[in-house]
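Trainee: fold the following.
(chains A and B)
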Amino acid sequence: MLHRIFPLKFSFARVSVELCKAIRFSVVSFSVTSSAAPPPNELPSPTAADIANIADIFVARCLSCHDSDGPAPIRFDNTAAIVRHRALMRALVDDRSMPPASAESTLALIDSAHTGRGALSEDERTALLNALHSEASVNAAFPEIASASATPKVASPSAGRVIARGTWSVPARGGMGIRSFYAPLDHQAPIRLRGWRMIPPENPARSPIRYVSLAADPARASRILDENGTGAEAMGDVGQVPSGSLGALSRTAPEFMLPAGFAFELPAGDLVIETTVEPIGREVAIQPAVEMLTAQPSDTRTVEALAARVVPLSVAAGERVDRIVHIEITRELDLVGVVAKGGVFLRGFAVDVVAADGCRTPIARDRDFRMNLTAPLVFRNPPELSKGSIIEVRFDLDNTRENPLQPFDPPRPLAAGLPPEGEDAAIVLLVAPRDTQRLQQ
Amino acid sequence: MDRLIRTFEPHRSGVAEHWCRSIALTSLLCVLGCSADSRTTSVSPTTHTDSSVPTAVASGATESEVSKPITIASAVDPSPQSLFDGTAVRALAGPQGRLVTLVFVSTECPIANAMLPDLVEIAKHASERGVAFHLVYPSTWQTREDLLAHAREFGLATATNARNMLLADPSHTLVHLAGVTVVPEAAIFRCDGRGGGELVYRGRVNDLYVGIGRRRPSISSHDLRDAIDTCLAGQPLAQPFPKAVGCFIESSR
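Mentor: Prediction:
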């Protein structure tokens, strides 16, 4: 079980190694630490080095979302606001709820630098906790907070905006909901994109949108499901093309960028925007919109997708099971990123690469998956996947009473489907072939 | 007026009613001046930070606590107050035995906001049964207009009995009285007929959130509504009370 395999706390040490024959990358190794964080009243006073560094950490890892125009519902873009929210901030940083990077990887992530995501190092976490220890320490560490939004987070030029056809009135209350929108693309020839940026609504802190995954629909097949023009109430998969094959955006990572050298190829037709929402306490009409970020001429490697799903998905009432999906790698690939999706029954996942000689390399895992806080992983230095290796995706599916988000009492048999009755867990692997031939998967 | 307001430490015993904290409300809150309940605490002489602002601390308070007395709102700065007209509100001024429900909310906390539609329904449920119900904003830094804008945004301003339902508590008089620490958190008092009352419930509203970022698909345990019904039936509430999940209330001390 994932929750037994994965240690609770990690320390990170960056080393460059060659692991197995199947996969080579710059790895951030995990080592288990058994000691718990010291209680608040035992924290040492912040040092001068802490204070010199803490503002940078805060701007990069906190303010990128909690700025005045950021997507986070609670804002602390000035010292007084930090003082007000100090206790909550300390509690959430201490228990690792924030920054919301429950999905972790052995690989360095490309997005941690400009979206605030990415696990804090233990030193950074300690420095942040020290700075939030008292009103005096807050005033010392954050005398003046520069707005994170003052600096563009991504320098790539925009290739235009894509606005979903139709709106959806999200009710004031209820559980998580999913709806797929489509948006017409006007261009005739395929265009190459490096990534996406979510266009925030007027008041991002009041937006119910939690996650957006994207897929191309060149045949405009999704329109068949949208007879009323209100957005199809269906998953965003288009035929064999999985939702998320063009990446994903989330409240906590409103920008998605591929590593340098890689690009999506977006055909003419429609863009399918699968949108996950969470009611915010009042009815809100949404119309998802994203901005396309142009690829550079040097971004020549085209990214495609492999999807891991449990088929058929079936978990008996009262059971918590690991379901393992194997994807055989038949060509030389680079693994660019991982997009995870799931509902309340998906408690965690793990992605390993198993080489032909049996050597296993962990790539990514999440032992506390939460769709409303998750974000895709994009690797700064995509690892190589050798022909003959296996990608093993492990889904931790919990249909017991002990699942804190279990919607039914008593639990009911679980099958694939829309929430809350069904589960649509999927792991989409973004890969790039190392030759010019199309990926035959 | 040299009335007292006290800080309380939880007084717990195995019996629900004995757990309840007795309340002696003071001047500005209820203007009635309630007698202390000897079961829970005794009142020490006050220390004054200002000749016109009487304060008091719980018996047994440490020196540091004494040095940081609670500031009592003056007649010019009544607390708590109606969100609509700013007039002072005597939250526990009802007849003996009347139940008063306070639910603490905020403009920012997404967990509190997500529960507002359910709280409006609970308010209706309570008022139909003769239970007073107040949504209390414990913000120390926002204006009444800020809070009113939030109430309008979420449809609270048009809710049943909204004029009496929405309170501002910038001095945290009710926060200290109820002993709440987060929003949303609920407290139920049983009035003693003298402007005070017993705290008979303090805990979560429901189980929509089981943790920060952990939202259930639907509510399965309507804790506050059930607590109101149980109290109305004269039955003891099961303990421990379910703990509230939400955003910390910033300290006014």
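Trainee: need the contact list for B:Tyr209.
Mentor: Going by CB atoms under 8 Å, 6 or more residues apart in numbering or on different chains, B:Tyr209 touches B:Ile111, B:Ala114, B:Arg215, B:Arg216, B:Val245, B:Gly246. All C-beta spots, glycine's among them, are computed from the backbone N, C-alpha and C.
Trainee: beta partners of it?
Mentor: Counting by DSSP bridges, B:Tyr209 is bridged to B:Arg215.
Trainee: can you check the pLDDT for it?
Mentor: B:Tyr209 carries a pLDDT score of 92 in this model.
Trainee: next one: it from B:Arg216, what distance?
Mentor: B:Tyr209 sits 7 Å away from B:Arg216, going by CB to CB, to the nearest Å.
Trainee: equivalent analysis for B:Asp223, please.
Mentor: 13 Å.
Trainee: overlap in contacts, these two.
Mentor: With CB under 8 Å, 6+ apart as the test, B:Asp223 and B:Arg216 both reach B:Asp207.
Trainee: give me the nearest residue to the residue in the stretch 201-350 of chain A that chain B sits nearest to, chain neighbours excluded.
Mentor: Residue nearest to chain B within the stretch 201-350 of chain A: A:Gly281 (3.9 Å; CB to the nearest CB). Spatially, and ignoring its direct neighbours in sequence, A:Gly281 is nearest to B:Asn113 (3.9 Å; CB to CB, 6 or more residues apart in numbering or on different chains).
Trainee: same check on A:Gln287?
Mentor: A:Thr167 (4.5 Å).
Trainee: now do that neighbour against chain B, distance only.
Mentor: Distance of A:Thr167 to chain B, given as CB to the nearest CB, to the nearest Å: 19 Å.
Trainee: report pLDDT for that residue.
Mentor: 87.
Trainee: repeat that for B:Ala112.
Mentor: pLDDT at B:Ala112 comes out at 96.
Trainee: would you confirm that it contacts B:Gly246?
Mentor: Yes. In this structure, B:Ala112 is within contact of B:Gly246 by CB atoms under 8 Å, at 5.9 Å.
Trainee: the residue nearest to A:Gly281 touches B:Phe154, doesn't it?
Mentor: Yes. Taking CB under 8 Å as the definition, B:Asn113 is a contact partner of B:Phe154 at 6.6 Å.
Trainee: still on that earlier bit, now the common contact residues for B:Ala112 and B:Gly246.
Mentor: Joint contacts of B:Ala112 and B:Gly246 (CB under 8 Å, 6+ apart) are B:Val183, B:Pro184.
Trainee: now do the helices in the chain.
Mentor: Let's take chain A. A:2-5, A:48-58, A:64-66, A:79-84, A:86-94, A:112-115, A:122-131, A:135-141 (DSSP state H).
Trainee: that answer is for a different chain, and I need it for chain B
Mentor: Counting by DSSP H, the helices of chain B are B:16-19, B:27-30, B:63-66, B:110-127, B:144-153, B:162-165, B:173-178, B:223-232.
Trainee: please tabulate these in a markdown table, including the columns mean neighbour count.
Mentor: Below are those laid out as a markdown table (neighbours: other CB atoms under 10 Å in any protein chain shown):
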| stretch | mean neighbour count |
| --- | --- |
| helix B:16-19 | 16 |
| helix B:27-30 | 24 |
| helix B:63-66 | 11 |
| helix B:110-127 | 22 |
| helix B:144-153 | 17 |
| helix B:162-165 | 17 |
| helix B:173-178 | 25 |
| helix B:223-232 | 20 |
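Trainee: neighbours around residue 187, how many?
Mentor: Let's take chain A. 13 (other CB atoms under 10 Å in any protein chain shown).
Trainee: I was thinking of chain B, sorry if that wasn't clear
Mentor: B:Ala187, neighbours per other CB under 10 Å, totals 26.
Trainee: let's see the pLDDT reported for the nearest residue to it once chain neighbours are set aside.
Mentor: Computed as CB to CB, 6+ apart, the closest residue to B:Ala187 that is not its neighbour in sequence is B:Ala178, at 3.7 Å. For B:Ala178, the model assigns a pLDDT of 95.
Trainee: run a quick neighbour tally on the closest residue to A:Ser298 other than its chain neighbours.
Mentor: Nearest-residue entry for A:Ser298: A:Gly261, 6.4 Å, with adjacent residues in sequence omitted and distances by CB to CB, 6+ apart. Counted by other CB under 10 Å, the residues lying close to A:Gly261 total 16.
Trainee: go on, B:Asp207?
Mentor: Based on other CB under 10 Å, the number of other residues close to B:Asp207 is 16.
Trainee: if we can go back for a sec, figure out which of the helices of chain B is closest to A:Ala316.
Mentor: Across these, A:Ala316 has its closest neighbour in helix B:223-232 (30.0 Å, CB to CB).
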